[in-house]
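S.K.: predicted model, plus sequence, below.
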Amino acid sequence: MAVWETWRDAMERALYGDGGFYRRGERPGEHFRTSVHASPRFAAALATLLADVDAALGRPDRLDVVDIGAGSGELLVNLLDRVPAELAGRLVPVAVEVAPRPAGLPERIAWLPAPPERVTGLVVANEWLDNVPLDVVEQTPDGPRKVLVEARTGAERAGPEPSADELEWLERWWPLREPGDRAEVGDPRCAAWASVVARLDRGLAVAVDYAHRAGERPVYGTLTGYRDGATVPPVPDGSCDVTAHVALDACQVAGERAGATASLLTTQRDVLRALGLSGSRPPLDLAHRDPRGYLAALCAAGEDAELTDPGGLGGFGWLAQAVGTELPPVLAALA
Ligand SMILES: C[S@@+](CC[C@H](N)C(=O)[O-])C[C@H]1O[C@@H](n2cnc3c(N)ncnc32)[C@H](O)[C@@H]1O
């Protein structure tokens, strides 16, 4: 017999329930390519940002660096390799992840199922919010209705009216116009992000994700499935990742309500370029003077080009919010 659920319940079970896609330890890198997998130069850029946060905080004795939705922990491993020894000695690296701790992860990286209560330092959430389960609402001739889904097949049908809070979120952030228009109700992501910002005593929280802004939301939504490196229909049966783009502009306001004192919402391309990842080719004469150096620079340029490609990872949104300190100058210059 068919069981009909809201998308939020179906995603929760399919991704994080018993035997769910992430809970059972599927490794993100085997199914899709994030900036973390594209190049260790992403971690190097974050190491630069971390050093800026450290300076802004007056080089405290203990500096937290927290990776939320850490996947296999590669970002922290690469980041620890790229910070100066003096800073590395004061760092407390924490991976927050529902999946089991990977074998071989350096012991000094803590592996927690939930974020630490208090944080002083840098929090990074790369492609976490797009996996926070949410509901889908469709405009019908009778008004907005939650979409119900049948987990085995992905079949859909209209369900109940959204709650008053959901309707308020939709009105503010993703108004529906015509019958058939669909919206992904981002209030659980706003709440998830706000709870991260609220844990910061002093420091910077950064969310990086596929994003859209008010006025530019896709009319039919963005629910997508990923399996083995390919996009697949988003069937919430636990066999694939199920994701939807993030309304980072709404998360920004939620973060401000949770205590952020300075914010930047921009693209990954702008941030990484400001951090020195240009993607430009090395000069040809370097090939004659220093063939190895030329090859290394060429390789780095290729990786930077992928990380900053406006049609790909470079088009991702970067939401950076500071608490108890200013945005680092490199980000403030982009605000
Ligand atoms: C798309 S993957 C991104 C992995 C990694 N950040 C990267 O960029 O390669 C999302 C990860 O977030 C984790 N995740 C989702 N919700 C979580 C939660 N509430 N607590 C901890 N981890 C969570 C999932 O298990 C998954 O590994």
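M.R.: It's in.

S.K.: so what's the nearest residue to Glu12 once chain neighbours are set aside up against?
M.R.: In space, and not counting its chain neighbours, Glu12 is closest to Pro133: 4.5 Å by CB to CB, 6 or more residues apart in numbering. Placement of C-beta: from N, CA and C, glycine included. With contacts taken as CB atoms under 8 Å, 6 or more residues apart in numbering, Pro133 has the following neighbours: Trp7, Arg8, Asp9, Ala10, Met11, Glu12, Leu15, Tyr16, Pro188.

S.K.: Thr120 pairs with what?
M.R.: Assessed by DSSP bridges, Thr120 has beta-bridge partners Arg202.

S.K.: mean confidence score for stretch 85-105?
M.R.: In this model, stretch 85-105 carries a mean pLDDT of 96.

S.K.: make that stretch 256-265, sorry
M.R.: The model assigns stretch 256-265 a mean pLDDT of 98.

S.K.: got the CA positions of it in CSV?
M.R.: Once side chains and other backbone atoms are set aside, the C-alpha atoms of stretch 256-265 remain, and they are given as CSV (Å, rounded to 0.1, in the frame of the first residue of the first chain):
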residue,chain,number,x,y,z
GLU,A,256,21.2,38.3,11.8
ARG,A,257,18.3,37.6,14.1
ALA,A,258,20.5,35.0,15.8
GLY,A,259,23.2,37.6,16.6
ALA,A,260,25.3,38.1,13.4
THR,A,261,26.7,41.6,13.5
ALA,A,262,28.2,41.8,10.0
SER,A,263,27.2,39.8,6.9
LEU,A,264,28.3,39.2,3.3
LEU,A,265,26.3,37.4,0.7
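
S.K.: distance from it to the middle of the chain?
M.R.: Between the mean C-alpha point of stretch 256-265 and the mean C-alpha point of its chain there is a distance of 17 Å (CA atoms, centre = their mean, to the nearest Å).

S.K.: one more: stretch 244-261?
M.R.: The offset between the C-alpha centroid of stretch 244-261 and the centroid of the whole chain comes to 13 Å, using CA atoms, centre = their mean.

S.K.: how far does that stretch stretch from start to finish?
M.R.: For stretch 244-261, the first and last residues are 28 Å from each other (CA to CA, to the nearest Å).
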